Every structure is written in C-alpha cells, then in structure tokens.
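J.: Quick one, structure for this:
(chains A and B, ligands or ions: 2)
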Amino acid sequence: MIKVTNLHKTFNDLVVLQGIDIEVKRGEVVAIIGPSGSGKSTLLRCLNFLEIPDQGVIEIGEVTIDAKQYTQKEVHQLRQQTAMVFQNYNLFKNKTALQNITESLLITKKMKQGEANQTGEALLEQVGLSEKAGSYPITLSGGQQQRVAIARALAVSPHAILLDEPTSALDPELVAEVLQVIKAIAEKKTTMVIVTHEMAFARQVADKVIFMADGKIVEQGAPADIFDRPSNERTKRFLQQFSAPESVIS
Amino acid sequence: MNFDGLYMLEVLPTLLKYLPLTLLMAFVSMFFAIIMGLFLALITKNQVPVLHQLAKVYISFFRATPTLVQLFIIYYGLPQVIPSFSVLNALTAAIIGLSFKNSAYLAEIFRAALHSVDHGQLEACLAVGMTKSQAYRRIILPQATRNAIPATGNTFIGLIKETSLAFTLGVAELFAQGKMMASSSLKYLETYLAVAIVYWGITILYSLVQEWMENKLSKPYRN
Ligand SMILES: Nc1ncnc2c1ncn2[C@@H]1O[C@H](COP(=O)(O)OP(=O)(O)OP(=O)(O)O)[C@@H](O)[C@H]1O
Ligand SMILES: [Mg+2]
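T.: Ligands and ions are numbered 1, 2, ... in the order given. Reported below is the predicted structural model:
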C-alpha cells in the first residue's frame, strides 16, 4: 500500500506540488496523467526521495517517513520499498543486461551469484530478452533497454513499481513491445504507479486514473469515469487534445 | 662530425641501472596522487562544507606553482618550522612533493570524469535500493575511471619526466647519473641523448599499457 498525505514541494520559488494526497492499494495500478509541468514526475520522484519533499508524509509498505523529520536510514528503507523505471532507461552502462538485473540482488539483497543469475535469467525471459543476457546497454534498442529496466525493477520484488513515462523516449514502433510487458506485469497484480501520456494504455491497464494540473490533483477515479465522464473542466480540455482529429470536427 | 654513437650505446646499460629508482618514484608518487586526487575530487564534486574550500586552495596552490619550488619548500623549507621534517631524506621529500603536485592535477581530472557520468546512473542505483557509497563503488567510479584514463595517463607520463627534478634535492637518480657521466666524459650530447632515450622508452612502454587498458575498459561502450 502507498499512502501520501499532504505532500508539498517547491524548487526555489517555484511551487510544484501543493498538497497531494494519494492512496494506492496493494495490487492496484494507478495512472497519473496531466499537462507538461504539472508536477507528475516530481510527485513520483518524491515517493522514493529522489526529490526531497518540503512537507508531507509518505507511507509505503512497512515504512513511513515524514518530510519534516527523517533519517538517512529511513530514506534508504523507503527506497527499498519501490523500484523505478525512468523515461530514458538509465541502465547501468558498464553492466550487461543480466548484470543490470542482478546488481541490486548481489549488492542490496546479498544474494549468491548463482541464485542471482537464475533470478535474472528468469526475469529476462519474462521480458522476452533471454538472448540478450550478455549484451551491454549500448548495443540494445530503446525498447530492449526499457524492458531490461523493467526487469531490473522487478528483480528487487518491490512493494510497488514507479514508472515515469516509460515509453516517451521510444521510437513509435518500439512503444508497443514495452507497453505489452507492462500490461503483463499489471495483470499479475503488481502495485504500480505510472505516469503516462498513453491514454489508451492508461485506460486499459489502470484501476485508477489521477489527473494532475498545477501541482494539485484535479480529479481521480476509475478510467471510465475520467475518460468518458470527466467532471472537471480542466480534465475535459486536457483530454480533448488526445481525441482523434475527426471527433473534434464532428 | 663529432658524435660518438658507440659511446651513447655504452652508457645506456649504466643509465638503465637507475631505471628502478625512477620507476619507484613514479609509481609510488602516482599511487598516493591517485588516492589523494580521488578524495579531493569527491570533496569538490559533493561540495563538502569547509573541506571543499580547503581543497580548492590546495589544488590552486599546487597547480599554480613550479614543481621545483614545491620540492624545495618541502625539502629545504619545511624543516625550519616542522623539525620532524628534517629527518626526511631527499628521496622521500621528492616523492611527497610529486604526490602533492600530481594529486592536484588528478583531482581536476577525476572531478571532470565523475561529472561526465550521467546523473541518471546514480538515481538508478538509489532507486533499486543501493546506498550512495555502493552506487559509487559499483557503477559511478568504474564509469568515471574509463573517462579519466587518457588524462590520467598524460599526468603519469608528466610525472615520469618530473622525477628527474629529484636530482636537485640530491637524489642520485637517472638524470643525476647522466649529468655526472656527461661532465666526466665531456660527451654531453651522447650522454643526454641516452638519458632521453631511456625516458622515451619508458613512455612508449607505458603508452602501450594504457592503450590496452583503454581497450579493455571501453568494451561495454562499443557497439
Ligand atoms: N530539479 C528541478 N529544479 C528546478 N525546477 C524543477 C526541477 N524539476 C522539475 N522542475 C520544475 O517543476 C515543474 C514540474 O516538473 P515535473 O517534471 O514534475 O512535471 P511533469 O508533470 O512531469 O511534466 P512532463 O509531462 O513534461 O514530464 C516544472 O515547471 C519543472 O520545470
Ligand atoms: Mg515528467
């Protein structure tokens, strides 16, 4: 379970998050949508303290952390509750695909090499990249890199996976393979928070959709409610950009 | 023409006897310079309060003053205020001086190398639950090492040549020996060319080693 209470974040003078409350149940998939600059990435990055919130309480799994008062140890424990998939993959450049996955198992989970390799190979198979185990990131396509990154995130069997626009940096023809992998994981009831501009995908996999604007949650609910019957004017205007051109005409 | 090529070949074996001392000075100084340079780079990169300012003064001083002056300060100057320095022999003083000087240069090289590693690499480490020091050890430093090797190699080549400055402190090393042989035989050109050839040879050998290292370390980054 993830529970965020009254989260605030500013960069210098720029107010980016102003009082965010979120709840994600175990096994739930939550999609966060919203215009560029609305604070979606910042929110996600506050969940693992890659950005330090100014105020607010974050509860993930067994760890609760208050931005007003925390220790480095608590931050480390919080980070171990989640894993993150980045827009530009961020695979370890000096490690092979398999090593990218096993690294955290060896280092943070103190797993034995053989066991880690087994886990890693199984995960590579799950994302359809068994034959790339020994390849370095630079030799992989964007879609392949992102699938390795997803496997790396799954490896630590986190409480939740945070995905920040996992397909935005991909060439259009590579988007589908990555979305498919994410969908398969979602079907296994993995808790996920995913920031995305892929509306059709959000609708398909999310249990709940959150629409953000200007650092606030404007509206949230079941995909059908948000996409078909948005109650807020901002939500409507935002979603209109994604409707097909002919529907704008009609 | 007045050039005794045979003499030049004859002095080479004698000069080569001093090679180990030159290599000792170069390797020991480089070893300490790398360790100090790494600390300085981590301090400046992470802007550690107080230490960061001190590091900047240190780096500035050792980059901006002649190595010869630094060696004289350490060997002849410091015992005046720190009596325990007077027990330093010339060789140790030379190694200390060369270590300090080169650590300042390496600090800048290492800082740039750390800087060239994409910040996303550290974030990816933290996001899978590593600590910052685990991230540096396993991911950041190995990548920075590769970026640092060409410039570090140049520093090392410079250091090999700088070991000849130790003769000014009275260390009987390669260049000092050459100087002695030249003035007794009066065959200056032959002797100093022989000295030059020894330094040249070391540098060529080292360059081969560096090429091999670069090749090995760049394997993950080749398409
Ligand atoms: N490290 C930072 N320093 C200063 N300002 C930042 C920083 N990170 C983000 N911002 C600013 O905070 C605001 C919110 O950024 P954020 O990346 O969270 O938006 P977003 O909703 O993810 O946008 P996008 O859809 O374009 O990814 C933006 O105005 C951005 O410029
Ligand atoms: Mg973003």
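J.: tell me, what residue is most central in chain A?
T.: Nearest to the mean C-alpha position of chain A, counting by C-alpha atoms, centre = their mean, stands residue A:163 at 1.6 Å.
J.: Which residues belonging to the helix or strand containing residue A:119 are considered buried?
T.: Under the assignment given by DSSP states H and E, the secondary-structure element containing residue A:119 is helix A:113-126. Taking 16 or more other C-beta atoms under 10 Å in any protein chain shown as the neighbour-count basis, helix A:113-126 is seen to contain the buried residues A:116-117, A:119-121, A:123-124, A:126. Yep, even glycine has a C-beta here, placed from its N, CA and C like the rest.
J.: could you say which helix or strand contains the residue nearest to the centre of chain A?
T.: Secondary-structure element containing residue A:163, defined by DSSP H and E: strand A:160-164.
J.: and the helix holding residue A:119, what does it pack onto?
T.: Based on contacts counted as 3 or more C-beta pairs under 8 Å, 6 or more residues apart in numbering or on different chains; DSSP states H and E, the elements that helix A:113-126 packs against are helix A:97-107, helix A:142-155.
J.: Just the CA atoms of that helix, as CSV, please.
T.: In CSV, the C-alpha atoms belonging to helix A:113-126 read as follows (Å, rounded to 0.1, in the frame of the first residue of the first chain):
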residue,chain,number,x,y,z
GLN,A,113,25.9,-15.1,-7.6
GLY,A,114,24.3,-18.3,-8.9
GLU,A,115,20.9,-17.6,-7.4
ALA,A,116,21.0,-14.0,-8.6
ASN,A,117,21.8,-15.2,-12.1
GLN,A,118,18.9,-17.6,-12.0
THR,A,119,16.5,-14.9,-10.9
GLY,A,120,18.0,-12.5,-13.6
GLU,A,121,17.6,-15.0,-16.4
ALA,A,122,14.0,-15.8,-15.4
LEU,A,123,13.2,-12.1,-15.5
LEU,A,124,14.9,-11.6,-18.8
GLU,A,125,12.8,-14.4,-20.2
GLN,A,126,9.7,-12.7,-18.8
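J.: Isn't residue A:136 up against residue B:218?
T.: No: the pair formed by residue A:136 and residue B:218 falls short of the contact definition of C-beta atoms under 8 Å, at 10.6 Å.
J.: of those two, who's got more company?
T.: Using other C-beta atoms under 10 Å in any protein chain shown, the more surrounded residue of residue A:136 and residue B:218 is residue A:136, with 21 against 11.
J.: and that one, what does it touch?
T.: Contacts for residue A:136 were tallied using C-beta atoms under 8 Å, 6 or more residues apart in numbering or on different chains; they are A:93, A:95-97, B:219-222.
J.: Counting neighbours, which of these comes out on top?
T.: Among these, residue A:97 has the most neighbours (other C-beta under 10 Å), with 30 neighbours.
J.: which residues touch that residue?
T.: If a contact means C-beta under 8 Å, 6+ apart, then residue A:97 has A:91, A:124, A:129, A:132-137, A:140, A:144, A:148 as its contacts.
J.: Redo these as JSON lines? Include distance to ligand 1 and pLDDT.
T.: Putting the contacts of residue A:97 into JSON lines (distance: C-beta to the nearest ligand atom, whole Å; pLDDT from 0 to 100) gives the following:
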{"residue": "A:91", "distance to ligand 1": "20", "pLDDT": "97"}
{"residue": "A:124", "distance to ligand 1": "29", "pLDDT": "96"}
{"residue": "A:129", "distance to ligand 1": "27", "pLDDT": "95"}
{"residue": "A:132", "distance to ligand 1": "29", "pLDDT": "95"}
{"residue": "A:133", "distance to ligand 1": "32", "pLDDT": "95"}
{"residue": "A:134", "distance to ligand 1": "34", "pLDDT": "94"}
{"residue": "A:135", "distance to ligand 1": "29", "pLDDT": "95"}
{"residue": "A:136", "distance to ligand 1": "28", "pLDDT": "96"}
{"residue": "A:137", "distance to ligand 1": "23", "pLDDT": "96"}
{"residue": "A:140", "distance to ligand 1": "24", "pLDDT": "96"}
{"residue": "A:144", "distance to ligand 1": "23", "pLDDT": "96"}
{"residue": "A:148", "distance to ligand 1": "22", "pLDDT": "97"}
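J.: Thank you, goodbye.
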